[in-house]
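Novice: Just need the structure, nothing else, for what follows:
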Amino acid sequence: MGAYGLKTHIWNNNLRCAFLLVLFPLLLLLLAFALVLLWTGYTQNMPSDQGLSYALSAMPQAAPIVLGLSGAWFGIAFMGHQAMIDKATGTRSVTKSQEPRAYKLLENLCISRGITMPKLKVMETPVMNAFASGINTKNYTIALTRGLMDHLDDEELEAVIAHELSHIENRDVRTMIIAVIFVGIFAFFGETIIRNMFRVHMPRSHHHRRSGGGNAGALIFFAVAIMIFAYFFAVMIRFALSRKREYIADAGAVELTKNPDAMIRALEKISGNAKLETIPAEVREMAIENPRTGFAGLFATHPPIDKRIKALVKFAAGREGTQSKIRRNRNSDNEIDRVSDNARNRPPFGRRNPWARK
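Specialist: Got it, this is the predicted structure:
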């Protein structure tokens with residue numbers, strides 16, 4: 001399906017995401033088959049072809065068990081994901097009096113578009129990054145690092161907040177959390193089984209699975225190969241969900257702020273200063289930037305920042321190399337009010353770009 005505007009790009013991306021998410025239950029069934037095959041290899045003494053037939057015949061009984069356990073995992077993670085993220089990242093909620101600068105920028109963006117305001121949280125680290133999380137309007141959250149707030153001027157910080165707000169409005173925050181939970185299921189089963197499979201006691205006799213032509217070994221090898229494939233494919237699906245959404249969120253930030261130059265400056269400052277080494281990889285994938293270089297770049301969840309900047313220059317008439325504004329005191333409420341009022345009262349049309357920044 002072709003996409004010709006921001007809204008249709010969002011619809012197109014959401015449709016593609018829905019299709020990819022449908023593949024996760026199919027991969028879970030494949031994982032169930034691998035588990036049955038692994039159990040067959042360890043407990044049954046039969047040729048490989050009979051082992052495969054036996055595993056297939058056992059699937060109607062095994063699949064509901066695996067899907068049920070996965071559903072329980074999904075339910076627990078779905079309900080408690082935000083507490084898990086807060087504990088893993090060390091973020092804390094802040095009030096208007098504690099962080100008036102960031103709070104008012106977020107508040108005014110939400111008021112200008114009639115959006116329910118998400119919770120604002122801060123991560124005390126000099127790294128420059130941000131991420132959004134949550135499933136619904138009751139627990140949507142935008143987290144900013146201290147380094148980001150200390151080094152970005154008001155327009156740049158507003159652009160980053162607008163970027164994360166766009167993730168929430170486009171519902172891809174919810175999609176990413178669901179994908180992370182699903183991949184966590186594959187990681188848990190795979191790591192647990194591979195770690196413990198050789199510790200299982202297997203009586204030695206002339207009927208032992210390791211003898212007799214290596215039939216059991218073939219079944220076990222095939223089962224492990226299926227689990228590795230399922231996990232790898234699940235990770236690839238998660239990467240496919242991640243990359244395009246960053247371009248769309250950058251465009252959404254420009255639509256909200258009418259200021260592509262500020263978004264470009266923010267990305268320029270974040271580049272090279274965004275590595276969150278102490279938090280889980282799953283959370284880093286939800287951040288505004290998750291740098292990976294070399295061979296790891298093949299599995300990058302985010303497009304390179306230089307490509308994102310070029311897209312803003314080409315499609316939003318942004319300019320590279322513009323100067324940052326003097327950053328106002330973060331405790332000055334009146335200054336933020338004036339900046340936000342000016343942004344809200346910008347004329348609807350401009351000469352430079354379709355989003356009307358003068």
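Novice: ok, and the closest non-adjacent residue to I177?
Specialist: H81 (5.7 Å; CB to CB, 6 or more residues apart in numbering). Bear in mind the C-beta positions are built from the backbone N, C-alpha and C, glycine included.
Novice: burial measure for that neighbour, as a count.
Specialist: 19 (other CB atoms under 10 Å).
Novice: can you tell me which residues contact it?
Specialist: Shown in contact with H81 (CB atoms under 8 Å, 6 or more residues apart in numbering): 133, 135, 177, 181.
Novice: okay, these in a markdown table with neighbour count next?
Specialist: Formatted as a markdown table, the contacts of H81 follow (neighbours: other CB atoms under 10 Å):
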| residue | neighbour count |
| --- | --- |
| S133 | 29 |
| I135 | 16 |
| I177 | 20 |
| I181 | 19 |
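Novice: which ones among the residues you listed are found in strands?
Specialist: Of the contacts of H81, the ones assigned to strands by DSSP state E are S133.
Novice: Going by distance to I326, which of the contacts of H81 wins?
Specialist: S133 (31.9 Å; CB to CB).
Novice: what about that closest one, distance to N108?
Specialist: According to CB to CB, to the nearest Å, S133 and N108 sit 22 Å apart.
Novice: where does the protein have low pLDDT?
Specialist: Scanning the chain for pLDDT under 70 picks out 1-14, 16-18, 20-21, 187-215, 238, 240-243, 292-300, 327-358.
Novice: OK, contacts around the residue nearest in space to the middle of it?
Specialist: The centre of the chain sits closest to M286, judged by CA atoms, centre = their mean, with a distance of 3.5 Å. Neighbouring residues of M286 by CB under 8 Å, 6+ apart: 131-133, 167, 173, 176-177, 180.
Novice: and which of those is nearest to L152?
Specialist: Nearest to L152 among the contacts of M286, with distances taken as CB to CB, is F131, at 15.4 Å.
Novice: So that closest one lies in a helix, does it not?
Specialist: No - F131 is assigned strand when assessed by DSSP: H, G, I helix; E, B strand; the rest coil, not a helix.
Novice: That one: neighbouring residues, count only.
Specialist: F131, neighbours per other CB under 10 Å, totals 28.
Novice: now R174: how far from K104?
Specialist: For R174, the distance to K104 - CB to CB - is 26 Å.
Novice: ok, A143 to V122 distance?
Specialist: From A143 across to V122, the span is 7 Å (CB to CB).
Novice: quick one: which of those two has more around it?
Specialist: Between A143 and V122, counted using other CB under 10 Å, the more crowded position is A143 (28 against 19).
Novice: List the contacts of the more buried one.
Specialist: With CB under 8 Å, 6+ apart, A143 has these contacts: 89, 91, 120-123, 130-133.
Novice: what is in contact with A143 and V122 at once?
Specialist: Joint contacts of A143 and V122 (CB under 8 Å, 6+ apart) are T91.
Novice: ranges for the strands of this structure?
Specialist: Going by DSSP E, the chain shows strands at 92-93, 119-123, 130-133, 141-145.
Novice: what does the shortest one contact?
Specialist: This points to strand 92-93. Residues contacting strand 92-93 (CB under 8 Å, 6+ apart): 86, 119-122, 124.
Novice: Tell me the one among the contacts of H81 nearest to P291.
Specialist: Among the contacts of H81, and counting by CB to CB, the member closest to P291 is S133, at 19.7 Å.
Novice: partners of that closest one in the sheet?
Specialist: T141 (DSSP bridges).
Novice: So it sits against Q82, correct?
Specialist: Yes - taking CB atoms under 8 Å as the definition, S133 is a contact partner of Q82 at 6.3 Å.
Novice: shared neighbours of these two, anything?
Specialist: Taking CB under 8 Å, 6+ apart as the contact rule, S133 and Q82 both touch T141.
Novice: what about the helices in this protein?
Specialist: 6-43, 48-89, 100-113, 146-151, 154-169, 172-196, 215-257, 260-270, 281-284, 305-316, 333-344 (DSSP state H).
Novice: now, the most widely separated pair of the contacts of strand 92-93?
Specialist: The two members of those with the most space between them (CB to CB) are K119 and E124, at 16.7 Å.
Novice: Those two: who's more crowded?
Specialist: The residue with more neighbours, out of K119 and E124, is K119; 17 against 10, by other CB under 10 Å.
Novice: Skipping adjacent residues, who's closest to the more buried one in space?
Specialist: T141 (4.6 Å).
Novice: same question, E268
Specialist: Going by CB to CB, 6+ apart, E268 has I309 as its nearest residue, at 7.0 Å.
Novice: which residues touch that neighbour?
Specialist: So I309 contacts 264, 267-268, 318, 320 (CB under 8 Å, 6+ apart).
Novice: so T141 sits right up against K121, yeah?
Specialist: Yes - using CB under 8 Å, T141 is in contact with K121, at 5.6 Å.
Novice: where do the contact lists of these two overlap?
Specialist: In contact with both T141 and K121: T91, using CB under 8 Å, 6+ apart.
Novice: what's the spacing between K275 and R146?
Specialist: Separation of K275 from R146 (CB to CB): 15 Å.
Novice: ok, now I85?
Specialist: Distance from I85 to R146, by CB to CB: 18 Å.
Novice: Neighbour count: these two, which is higher?
Specialist: Neighbours were tallied for I85 and for R146 using other CB under 10 Å; the higher tally belongs to I85 (23 against 15).
Novice: which residues does the nearest residue to that one once chain neighbours are set aside contact?
Specialist: Closest residue to I85 apart from its sequence neighbours, by CB to CB, 6+ apart: S133 at 5.4 Å. Applying CB under 8 Å, 6+ apart to S133 gives the contacts 81-82, 85, 140-141, 143, 173, 177, 283, 286.
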